[in-house]
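Novice: Predicted model and sequence below, questions to follow.
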2 protein chains.
Amino acid sequence: MATARSAQNAAEKRRIILDAAVRVFARQGFHTCRVSDIADEAGVAYGLVYHYFRSKDEVLDTLFLERWNVMLDAIREVDGQDILARKKLEAIAGFIVDSYRHDPDLMKVIIVEVTRAANSFGQTHLAKITEAYNLIGAVVEKAQASGEFRTDISPQFAAMAFYGAIEQVLTGWIFDSLPQSAGGFDEAKRLIVETICSGLDR
Amino acid sequence: MATARSAQNAAEKRRIILDAAVRVFARQGFHTCRVSDIADEAGVAYGLVYHYFRSKDEVLDTLFLERWNVMLDAIREVDGQDILARKKLEAIAGFIVDSYRHDPDLMKVIIVEVTRAANSFGQTHLAKITEAYNLIGAVVEKAQASGEFRTDISPQFAAMAFYGAIEQVLTGWIFDSLPQSAGGFDEAKRLIVETICSGLDR
DNA sequence: ACGTCGATTGACTGACCAGTCAATCGCCAG
DNA sequence: CTGGCGATTGACTGGTCAGTCAATCGACGT
(Lines give C-alpha, C1' and ligand atoms only; values in the text may rest on other atoms or scores of the structure.)
Protein backbone atom coordinates (compact mmCIF):
# COMPACT_ATOMS: atom_id res chain seq x y z
CA MET A 1 0.00 0.00 0.00
CA ALA A 2 1.70 3.10 -1.26
CA THR A 3 -0.24 5.81 0.45
CA ALA A 4 0.58 5.05 4.06
CA ARG A 5 4.26 4.38 3.68
CA SER A 6 4.89 7.30 1.38
CA ALA A 7 2.85 9.58 3.58
CA GLN A 8 5.12 8.56 6.42
CA ASN A 9 8.21 9.06 4.30
CA ALA A 10 6.94 12.44 3.23
CA ALA A 11 6.34 13.49 6.82
CA GLU A 12 9.80 12.25 7.75
CA LYS A 13 11.46 14.15 4.93
CA ARG A 14 9.59 17.28 5.90
CA ARG A 15 10.79 16.83 9.45
CA ILE A 16 14.37 16.28 8.29
CA ILE A 17 14.21 19.58 6.44
CA LEU A 18 12.68 21.37 9.42
CA ASP A 19 15.32 20.01 11.77
CA ALA A 20 18.07 21.00 9.39
CA ALA A 21 16.55 24.47 9.13
CA VAL A 22 16.66 24.84 12.91
CA ARG A 23 20.38 24.12 12.92
CA VAL A 24 21.07 26.44 10.00
CA PHE A 25 18.92 29.29 11.32
CA ALA A 26 20.50 28.97 14.74
CA ARG A 27 24.00 28.97 13.29
CA GLN A 28 23.71 31.61 10.59
CA GLY A 29 20.48 33.44 11.22
CA PHE A 30 17.44 33.44 8.98
CA HIS A 31 18.38 36.42 6.82
CA THR A 32 21.99 35.42 6.36
CA CYS A 33 21.42 31.81 5.36
CA ARG A 34 20.48 30.60 1.91
CA VAL A 35 17.85 28.04 1.12
CA SER A 36 20.65 25.95 -0.33
CA ASP A 37 22.27 25.90 3.13
CA ILE A 38 19.14 24.28 4.52
CA ALA A 39 19.04 21.76 1.67
CA ASP A 40 22.72 20.93 2.13
CA GLU A 41 22.34 20.55 5.90
CA ALA A 42 19.35 18.25 5.33
CA GLY A 43 21.22 16.32 2.65
CA VAL A 44 18.53 16.89 0.03
CA ALA A 45 18.39 18.75 -3.25
CA TYR A 46 17.62 22.43 -3.34
CA GLY A 47 14.28 22.01 -5.06
CA LEU A 48 12.95 19.56 -2.49
CA VAL A 49 12.65 22.31 0.06
CA TYR A 50 10.11 23.88 -2.29
CA HIS A 51 8.29 20.60 -2.62
CA TYR A 52 7.52 20.64 1.08
CA PHE A 53 7.34 24.37 1.72
CA ARG A 54 5.98 27.23 -0.33
CA SER A 55 8.83 29.54 0.62
CA LYS A 56 11.79 30.07 2.91
CA ASP A 57 9.47 32.07 5.16
CA GLU A 58 7.09 29.17 5.49
CA VAL A 59 9.86 27.03 6.95
CA LEU A 60 10.41 29.50 9.77
CA ASP A 61 6.66 30.06 10.19
CA THR A 62 6.19 26.34 10.63
CA LEU A 63 8.95 26.03 13.21
CA PHE A 64 7.63 28.95 15.20
CA LEU A 65 3.95 27.95 15.13
CA GLU A 66 4.67 24.32 16.03
CA ARG A 67 6.51 25.28 19.17
CA TRP A 68 4.55 28.36 20.15
CA ASN A 69 1.24 26.50 20.03
CA VAL A 70 2.66 23.84 22.30
CA MET A 71 3.64 26.59 24.71
CA LEU A 72 0.24 28.28 24.58
CA ASP A 73 -1.43 24.94 25.33
CA ALA A 74 0.95 24.37 28.21
CA ILE A 75 0.15 27.77 29.69
CA ARG A 76 -3.58 27.17 29.34
CA GLU A 77 -3.24 23.80 30.97
CA VAL A 78 -1.28 25.25 33.88
CA ASP A 79 -3.76 28.06 34.32
CA GLY A 80 -6.58 25.54 34.54
CA GLN A 81 -5.05 23.92 37.58
CA ASP A 82 -6.18 24.88 41.05
CA ILE A 83 -2.87 26.03 42.47
CA LEU A 84 -1.28 29.26 43.64
CA ALA A 85 -0.43 31.77 40.91
CA ARG A 86 3.16 31.61 42.02
CA LYS A 87 3.12 27.89 41.28
CA LYS A 88 1.58 28.63 37.89
CA LEU A 89 4.30 31.12 37.07
CA GLU A 90 6.87 28.59 38.22
CA ALA A 91 5.38 26.03 35.86
CA ILE A 92 5.34 28.48 32.96
CA ALA A 93 8.90 29.65 33.54
CA GLY A 94 9.85 26.01 33.96
CA PHE A 95 8.25 25.05 30.68
CA ILE A 96 10.10 27.75 28.78
CA VAL A 97 13.43 27.07 30.44
CA ASP A 98 12.99 23.34 29.80
CA SER A 99 12.19 24.07 26.16
CA TYR A 100 15.53 25.78 25.97
CA ARG A 101 17.33 23.02 27.80
CA HIS A 102 15.77 20.41 25.51
CA ASP A 103 16.39 22.20 22.22
CA PRO A 104 18.45 25.35 22.56
CA ASP A 105 18.77 25.81 18.81
CA LEU A 106 15.01 25.84 18.29
CA MET A 107 14.46 28.27 21.12
CA LYS A 108 17.24 30.46 19.81
CA VAL A 109 15.56 30.59 16.42
CA ILE A 110 12.13 31.33 17.86
CA ILE A 111 13.37 34.04 20.17
CA VAL A 112 15.95 35.66 17.95
CA GLU A 113 14.21 35.37 14.59
CA VAL A 114 10.55 35.68 15.55
CA THR A 115 9.74 36.83 19.06
CA ARG A 116 12.44 39.46 19.27
CA ALA A 117 12.22 40.39 15.61
CA ALA A 118 8.68 41.67 15.56
CA ASN A 119 9.61 43.96 12.72
CA SER A 120 10.04 41.27 10.13
CA PHE A 121 8.52 37.98 11.20
CA GLY A 122 6.98 38.88 14.46
CA GLN A 123 4.65 41.21 12.60
CA THR A 124 3.05 38.19 10.97
CA HIS A 125 2.84 36.38 14.26
CA LEU A 126 2.17 39.33 16.50
CA ALA A 127 -1.28 38.06 17.43
CA LYS A 128 0.08 34.66 18.41
CA ILE A 129 2.86 36.23 20.43
CA THR A 130 0.47 38.61 22.17
CA GLU A 131 -1.73 35.65 23.05
CA ALA A 132 1.00 34.41 25.36
CA TYR A 133 1.22 37.76 27.12
CA ASN A 134 -2.54 37.76 27.54
CA LEU A 135 -2.62 34.27 29.00
CA ILE A 136 0.04 35.22 31.53
CA GLY A 137 -1.84 38.44 32.21
CA ALA A 138 -4.94 36.39 32.97
CA VAL A 139 -3.02 34.32 35.50
CA VAL A 140 -1.97 37.50 37.27
CA GLU A 141 -5.43 39.01 37.07
CA LYS A 142 -7.03 36.03 38.77
CA ALA A 143 -4.33 36.06 41.44
CA GLN A 144 -5.15 39.70 42.10
CA ALA A 145 -8.85 38.89 42.37
CA SER A 146 -8.15 36.10 44.84
CA GLY A 147 -5.94 38.37 46.89
CA GLU A 148 -2.71 36.49 46.22
CA PHE A 149 -1.12 39.35 44.24
CA ARG A 150 -1.22 43.06 44.90
CA THR A 151 -3.67 44.96 42.74
CA ASP A 152 -1.73 48.14 42.04
CA ILE A 153 0.29 46.63 39.18
CA SER A 154 -1.65 46.08 36.00
CA PRO A 155 -1.79 42.41 34.96
CA GLN A 156 -0.58 43.31 31.48
CA PHE A 157 2.49 45.02 32.90
CA ALA A 158 3.18 42.17 35.23
CA ALA A 159 2.92 39.75 32.32
CA MET A 160 5.39 41.78 30.27
CA ALA A 161 7.82 42.00 33.16
CA PHE A 162 7.60 38.27 33.81
CA TYR A 163 7.92 37.20 30.19
CA GLY A 164 10.58 39.83 29.50
CA ALA A 165 12.68 38.59 32.39
CA ILE A 166 12.52 35.02 31.12
CA GLU A 167 13.33 35.95 27.56
CA GLN A 168 16.22 38.14 28.63
CA VAL A 169 17.72 35.30 30.63
CA LEU A 170 17.40 32.93 27.66
CA THR A 171 18.89 35.57 25.40
CA GLY A 172 21.76 35.92 27.82
CA TRP A 173 22.39 32.17 27.61
CA ILE A 174 22.04 32.17 23.85
CA PHE A 175 24.66 34.84 23.36
CA ASP A 176 26.83 33.98 26.35
CA SER A 177 26.19 37.24 28.15
CA LEU A 178 25.06 35.10 31.05
CA PRO A 179 26.95 32.01 32.19
CA GLN A 180 25.04 28.73 31.96
CA SER A 181 26.27 26.88 34.97
CA ALA A 182 25.58 23.19 35.42
CA GLY A 183 22.54 23.28 37.68
CA GLY A 184 21.75 26.70 36.27
CA PHE A 185 18.48 25.81 34.64
CA ASP A 186 16.56 24.90 37.78
CA GLU A 187 18.24 27.72 39.62
CA ALA A 188 17.09 30.07 36.86
CA LYS A 189 13.43 29.08 37.18
CA ARG A 190 13.56 29.76 40.88
CA LEU A 191 15.33 33.08 40.54
CA ILE A 192 12.99 34.41 37.88
CA VAL A 193 9.84 33.58 39.81
CA GLU A 194 11.37 34.69 43.08
CA THR A 195 12.38 38.04 41.60
CA ILE A 196 9.05 38.74 39.99
CA CYS A 197 6.89 37.52 42.87
CA SER A 198 8.88 38.60 45.91
CA GLY A 199 11.21 41.25 44.51
CA LEU A 200 14.80 42.15 45.15
CA ASP A 201 14.14 44.08 48.36
CA ARG A 202 15.39 42.52 51.51
CA MET B 1 36.97 80.60 5.92
CA ALA B 2 35.91 77.41 4.21
CA THR B 3 36.97 74.81 6.68
CA ALA B 4 34.75 75.78 9.59
CA ARG B 5 31.56 76.36 7.64
CA SER B 6 31.97 73.30 5.46
CA ALA B 7 32.83 71.18 8.47
CA GLN B 8 29.60 72.35 10.02
CA ASN B 9 27.69 71.71 6.80
CA ALA B 10 29.24 68.28 6.56
CA ALA B 11 28.25 67.46 10.12
CA GLU B 12 24.74 68.71 9.43
CA LYS B 13 24.40 66.64 6.28
CA ARG B 14 25.64 63.61 8.10
CA ARG B 15 23.05 64.25 10.79
CA ILE B 16 20.30 64.70 8.18
CA ILE B 17 21.16 61.30 6.76
CA LEU B 18 21.27 59.68 10.20
CA ASP B 19 17.90 61.16 11.14
CA ALA B 20 16.39 60.02 7.87
CA ALA B 21 17.81 56.56 8.46
CA VAL B 22 16.12 56.39 11.86
CA ARG B 23 12.75 57.07 10.25
CA VAL B 24 13.32 54.59 7.45
CA PHE B 25 14.68 51.84 9.71
CA ALA B 26 11.79 52.33 12.13
CA ARG B 27 9.24 52.22 9.33
CA GLN B 28 10.60 49.44 7.15
CA GLY B 29 13.23 47.68 9.21
CA PHE B 30 16.94 47.58 8.46
CA HIS B 31 16.97 44.49 6.27
CA THR B 32 13.89 45.42 4.29
CA CYS B 33 14.87 48.96 3.40
CA ARG B 34 17.21 49.96 0.62
CA VAL B 35 19.97 52.52 0.87
CA SER B 36 18.07 54.51 -1.75
CA ASP B 37 15.15 54.74 0.70
CA ILE B 38 17.44 56.47 3.19
CA ALA B 39 18.78 58.81 0.52
CA ASP B 40 15.24 59.65 -0.66
CA GLU B 41 14.03 60.26 2.87
CA ALA B 42 17.00 62.53 3.50
CA GLY B 43 16.48 64.30 0.19
CA VAL B 44 20.02 63.58 -1.01
CA ALA B 45 21.49 61.55 -3.81
CA TYR B 46 22.16 57.87 -3.37
CA GLY B 47 25.90 58.23 -3.55
CA LEU B 48 26.08 60.81 -0.79
CA VAL B 49 25.23 58.22 1.79
CA TYR B 50 28.50 56.54 0.83
CA HIS B 51 30.35 59.81 1.11
CA TYR B 52 29.47 59.98 4.79
CA PHE B 53 29.32 56.29 5.66
CA ARG B 54 31.36 53.33 4.54
CA SER B 55 28.34 51.06 4.31
CA LYS B 56 24.67 50.65 5.15
CA ASP B 57 25.78 48.78 8.26
CA GLU B 58 27.86 51.71 9.42
CA VAL B 59 24.77 53.92 9.46
CA LEU B 60 23.04 51.60 11.90
CA ASP B 61 26.23 51.10 13.91
CA THR B 62 26.55 54.85 14.30
CA LEU B 63 22.96 55.28 15.46
CA PHE B 64 23.30 52.50 17.97
CA LEU B 65 26.65 53.51 19.41
CA GLU B 66 25.69 57.18 19.71
CA ARG B 67 22.68 56.37 21.84
CA TRP B 68 24.00 53.39 23.72
CA ASN B 69 27.07 55.27 24.90
CA VAL B 70 24.85 58.05 26.21
CA MET B 71 22.91 55.44 28.12
CA LEU B 72 26.02 53.77 29.53
CA ASP B 73 27.27 57.17 30.73
CA ALA B 74 23.88 57.88 32.30
CA ILE B 75 23.95 54.56 34.17
CA ARG B 76 27.49 55.18 35.39
CA GLU B 77 26.53 58.64 36.53
CA VAL B 78 23.52 57.34 38.42
CA ASP B 79 25.53 54.60 40.02
CA GLY B 80 28.02 57.16 41.27
CA GLN B 81 25.37 58.94 43.28
CA ASP B 82 24.90 58.20 46.96
CA ILE B 83 21.28 57.08 46.89
CA LEU B 84 19.33 53.89 47.48
CA ALA B 85 19.67 51.22 44.80
CA ARG B 86 15.94 51.41 44.28
CA LYS B 87 16.35 55.09 43.40
CA LYS B 88 19.17 54.17 41.05
CA LEU B 89 17.01 51.62 39.28
CA GLU B 90 14.23 54.19 39.08
CA ALA B 91 16.62 56.62 37.44
CA ILE B 92 17.85 54.00 34.97
CA ALA B 93 14.37 52.83 34.05
CA GLY B 94 13.37 56.47 33.83
CA PHE B 95 16.22 57.26 31.49
CA ILE B 96 15.33 54.43 29.13
CA VAL B 97 11.61 55.17 29.20
CA ASP B 98 12.32 58.86 28.58
CA SER B 99 14.58 57.94 25.69
CA TYR B 100 11.61 56.18 24.18
CA ARG B 101 9.26 59.04 24.93
CA HIS B 102 11.69 61.52 23.39
CA ASP B 103 12.47 59.54 20.24
CA PRO B 104 10.40 56.38 19.85
CA ASP B 105 11.70 55.73 16.35
CA LEU B 106 15.33 55.71 17.47
CA MET B 107 14.59 53.44 20.40
CA LYS B 108 12.60 51.14 18.18
CA VAL B 109 15.56 50.85 15.81
CA ILE B 110 18.04 50.23 18.60
CA ILE B 111 15.90 47.63 20.32
CA VAL B 112 14.48 45.87 17.30
CA GLU B 113 17.47 45.98 14.99
CA VAL B 114 20.38 45.75 17.41
CA THR B 115 19.61 44.80 20.99
CA ARG B 116 17.03 42.17 20.18
CA ALA B 117 18.76 41.05 17.03
CA ALA B 118 21.96 39.84 18.54
CA ASN B 119 22.31 37.35 15.72
CA SER B 120 23.04 39.89 13.05
CA PHE B 121 24.01 43.25 14.45
CA GLY B 122 24.00 42.56 18.11
CA GLN B 123 26.88 40.14 17.57
CA THR B 124 29.08 43.08 16.59
CA HIS B 125 27.91 45.08 19.56
CA LEU B 126 27.52 42.28 22.05
CA ALA B 127 30.29 43.63 24.24
CA LYS B 128 28.69 47.07 24.38
CA ILE B 129 25.28 45.57 25.13
CA THR B 130 26.68 43.34 27.84
CA GLU B 131 28.37 46.35 29.40
CA ALA B 132 24.91 47.69 30.27
CA TYR B 133 23.93 44.45 31.96
CA ASN B 134 27.16 44.51 33.92
CA LEU B 135 26.67 48.08 35.08
CA ILE B 136 23.18 47.26 36.30
CA GLY B 137 24.53 44.10 37.89
CA ALA B 138 27.07 46.22 39.75
CA VAL B 139 24.28 48.42 41.14
CA VAL B 140 22.55 45.33 42.49
CA GLU B 141 25.74 43.86 43.85
CA LYS B 142 26.50 46.96 45.88
CA ALA B 143 22.93 47.02 47.17
CA GLN B 144 23.35 43.46 48.34
CA ALA B 145 26.60 44.32 50.07
CA SER B 146 24.96 47.24 51.86
CA GLY B 147 22.05 45.07 52.92
CA GLU B 148 19.43 46.86 50.82
CA PHE B 149 18.79 43.88 48.54
CA ARG B 150 18.55 40.21 49.38
CA THR B 151 21.65 38.23 48.58
CA ASP B 152 20.15 34.99 47.29
CA ILE B 153 19.56 36.30 43.76
CA SER B 154 22.69 36.71 41.68
CA PRO B 155 23.29 40.30 40.61
CA GLN B 156 23.64 39.20 36.99
CA PHE B 157 20.25 37.54 37.06
CA ALA B 158 18.66 40.50 38.70
CA ALA B 159 20.15 42.76 36.05
CA MET B 160 18.75 40.58 33.28
CA ALA B 161 15.31 40.49 34.87
CA PHE B 162 15.30 44.25 35.33
CA TYR B 163 16.56 45.11 31.88
CA GLY B 164 14.40 42.42 30.28
CA ALA B 165 11.29 43.80 31.93
CA ILE B 166 12.01 47.29 30.64
CA GLU B 167 12.79 46.15 27.13
CA GLN B 168 9.69 44.00 27.01
CA VAL B 169 7.52 46.92 28.01
CA LEU B 170 9.09 49.12 25.34
CA THR B 171 8.65 46.36 22.81
CA GLY B 172 5.03 46.13 23.83
CA TRP B 173 4.61 49.83 23.14
CA ILE B 174 6.51 49.62 19.89
CA PHE B 175 4.30 46.90 18.50
CA ASP B 176 1.08 47.90 20.22
CA SER B 177 0.87 44.75 22.32
CA LEU B 178 0.68 47.06 25.29
CA PRO B 179 -1.46 50.20 25.34
CA GLN B 180 0.42 53.49 25.78
CA SER B 181 -1.93 55.51 27.86
CA ALA B 182 -1.43 59.24 28.34
CA GLY B 183 0.36 59.30 31.67
CA GLY B 184 1.60 55.79 30.97
CA PHE B 185 5.28 56.62 30.81
CA ASP B 186 5.70 57.73 34.39
CA GLU B 187 3.36 55.00 35.51
CA ALA B 188 5.52 52.51 33.64
CA LYS B 189 8.73 53.55 35.40
CA ARG B 190 7.03 53.08 38.74
CA LEU B 191 5.53 49.72 37.87
CA ILE B 192 8.76 48.28 36.52
CA VAL B 193 10.81 49.25 39.55
CA GLU B 194 8.03 48.30 41.94
CA THR B 195 7.68 44.87 40.35
CA ILE B 196 11.40 44.11 40.36
CA CYS B 197 12.14 45.52 43.80
CA SER B 198 9.04 44.60 45.76
CA GLY B 199 7.48 41.83 43.66
CA LEU B 200 3.94 40.93 42.78
CA ASP B 201 3.16 39.21 46.06
CA ARG B 202 0.74 40.92 48.32
C1' DA C 1 37.76 86.03 -13.09
C1' DC C 2 39.66 81.67 -12.19
C1' DG C 3 41.49 77.45 -10.19
C1' DT C 4 41.00 74.09 -6.58
C1' DC C 5 38.95 70.71 -4.04
C1' DG C 6 35.49 68.76 -1.40
C1' DA C 7 30.45 67.93 -1.89
C1' DT C 8 27.07 65.94 -4.66
C1' DT C 9 24.97 63.34 -8.31
C1' DG C 10 22.88 59.03 -10.20
C1' DA C 11 23.75 55.58 -13.76
C1' DC C 12 25.91 51.39 -13.71
C1' DT C 13 27.94 46.79 -12.29
C1' DG C 14 28.64 42.62 -10.12
C1' DA C 15 27.07 39.45 -6.88
C1' DC C 16 23.72 37.11 -4.73
C1' DC C 17 19.75 34.25 -4.14
C1' DA C 18 14.65 33.03 -3.92
C1' DG C 19 11.90 30.58 -6.52
C1' DT C 20 10.81 27.83 -11.12
C1' DC C 21 10.68 23.93 -13.95
C1' DA C 22 11.75 20.29 -17.03
C1' DA C 23 14.00 16.13 -16.51
C1' DT C 24 14.84 11.87 -13.91
C1' DC C 25 14.15 8.47 -10.38
C1' DG C 26 12.05 4.73 -8.05
C1' DC C 27 8.11 2.64 -5.82
C1' DC C 28 3.90 0.28 -6.33
C1' DA C 29 -0.35 -1.63 -8.65
C1' DG C 30 -2.19 -4.22 -12.10
C1' DC D 1 6.93 -6.21 -16.96
C1' DT D 2 5.14 -1.89 -17.47
C1' DG D 3 2.76 2.41 -16.90
C1' DG D 4 1.79 6.00 -13.79
C1' DC D 5 2.73 9.18 -10.38
C1' DG D 6 4.69 11.38 -6.63
C1' DA D 7 9.44 12.29 -4.94
C1' DT D 8 13.66 14.21 -6.13
C1' DT D 9 17.11 16.66 -8.69
C1' DG D 10 19.83 20.91 -9.74
C1' DA D 11 20.60 24.14 -13.56
C1' DC D 12 18.65 28.32 -14.70
C1' DT D 13 16.13 32.89 -14.53
C1' DG D 14 14.65 37.23 -13.02
C1' DG D 15 14.90 40.66 -9.94
C1' DT D 16 17.02 43.05 -6.33
C1' DC D 17 20.53 45.99 -4.29
C1' DA D 18 24.90 47.28 -2.07
C1' DG D 19 28.53 49.60 -3.38
C1' DT D 20 31.49 52.14 -7.24
C1' DC D 21 32.90 55.84 -9.98
C1' DA D 22 33.33 59.33 -13.38
C1' DA D 23 31.16 63.50 -14.10
C1' DT D 24 29.39 67.90 -12.34
C1' DC D 25 28.59 71.46 -9.01
C1' DG D 26 29.64 75.28 -6.21
C1' DA D 27 31.97 77.71 -2.35
C1' DC D 28 35.96 80.03 -1.33
C1' DG D 29 40.54 81.85 -1.59
C1' DT D 30 43.66 84.44 -4.61
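Specialist: Yes, it's here.
Novice: What ranges does chain A have for its helices?
Specialist: Assignment of helices within chain A using DSSP state H yields the ranges A:2-28, A:35-42, A:46-52, A:56-80, A:85-102, A:104-109, A:123-145, A:155-174, A:184-198.
Novice: Deepest in the core, which of those is it.
Specialist: Scoring the helices of chain A by mean neighbour count under mean count of other C-beta atoms under 10 Å in any protein chain shown gives helix A:155-174 as the most buried, with a mean of 25. (C-beta placed from N, C-alpha, C; glycine too.)
Novice: Give the burial count for residue A:146, as a bare number.
Specialist: 11 (other C-beta atoms under 10 Å in any protein chain shown).
Novice: Check the one 4 residues further on too.
Specialist: With neighbours defined by other C-beta under 10 Å, the count for residue A:150 comes to 16.
Novice: Spell out which parts of chain A neighbour DNA strand D.
Specialist: For chain A, the contact set with DNA strand D under C-beta under 7 Å from any atom of the strand comprises A:6, A:9-10, A:13, A:44-48, A:50-51.
Novice: I'd like those laid out as a markdown table, including distance to DNA strand C and pLDDT.
Specialist: Output for the residues of chain A next to DNA strand D, formatted as a markdown table (distance: C-beta to the nearest atom of the strand, whole Å; pLDDT from 0 to 100):
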| residue | distance to DNA strand C | pLDDT |
| --- | --- | --- |
| A:6 | 7 | 63 |
| A:9 | 8 | 76 |
| A:10 | 12 | 75 |
| A:13 | 13 | 94 |
| A:44 | 12 | 97 |
| A:45 | 9 | 98 |
| A:46 | 6 | 98 |
| A:47 | 4 | 98 |
| A:48 | 8 | 98 |
| A:50 | 4 | 98 |
| A:51 | 7 | 97 |
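Novice: on that earlier part again, let me know which of the helices of chain A is the nearest to residue B:56.
Specialist: helix A:2-28 (19.2 Å; C-beta to C-beta).
Novice: Which other helices and strands does the closest one contact?
Specialist: Contact partners of helix A:2-28 among helices and strands, from 3 or more C-beta pairs under 8 Å, 6 or more residues apart in numbering or on different chains; DSSP states H and E: helix A:35-42, helix A:46-52, helix A:56-80, helix A:104-109.
Novice: Just tell me which of these ends up closest to residue B:57.
Specialist: Short answer: helix A:35-42, nearest of the helices and strands packed on helix A:2-28 by C-beta to C-beta, at 21.4 Å.
Novice: Off-centre distance for the closest one?
Specialist: 23 Å (C-alpha atoms, centre = their mean, to the nearest Å).
Novice: what do you get for stretch A:23-39?
Specialist: Here stretch A:23-39 is found 19 Å from its chain centre; the criterion is C-alpha atoms, centre = their mean.
Novice: one step back: as JSON lines, the helices of chain A with distance to residue B:33 would be great.
Specialist: Formatted as JSON lines, those follow (distance: least, C-beta to C-beta, whole Å):
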{"stretch": "helix A:2-28", "distance to residue B:33": "21"}
{"stretch": "helix A:35-42", "distance to residue B:33": "22"}
{"stretch": "helix A:46-52", "distance to residue B:33": "27"}
{"stretch": "helix A:56-80", "distance to residue B:33": "18"}
{"stretch": "helix A:85-102", "distance to residue B:33": "32"}
{"stretch": "helix A:104-109", "distance to residue B:33": "24"}
{"stretch": "helix A:123-145", "distance to residue B:33": "15"}
{"stretch": "helix A:155-174", "distance to residue B:33": "25"}
{"stretch": "helix A:184-198", "distance to residue B:33": "36"}
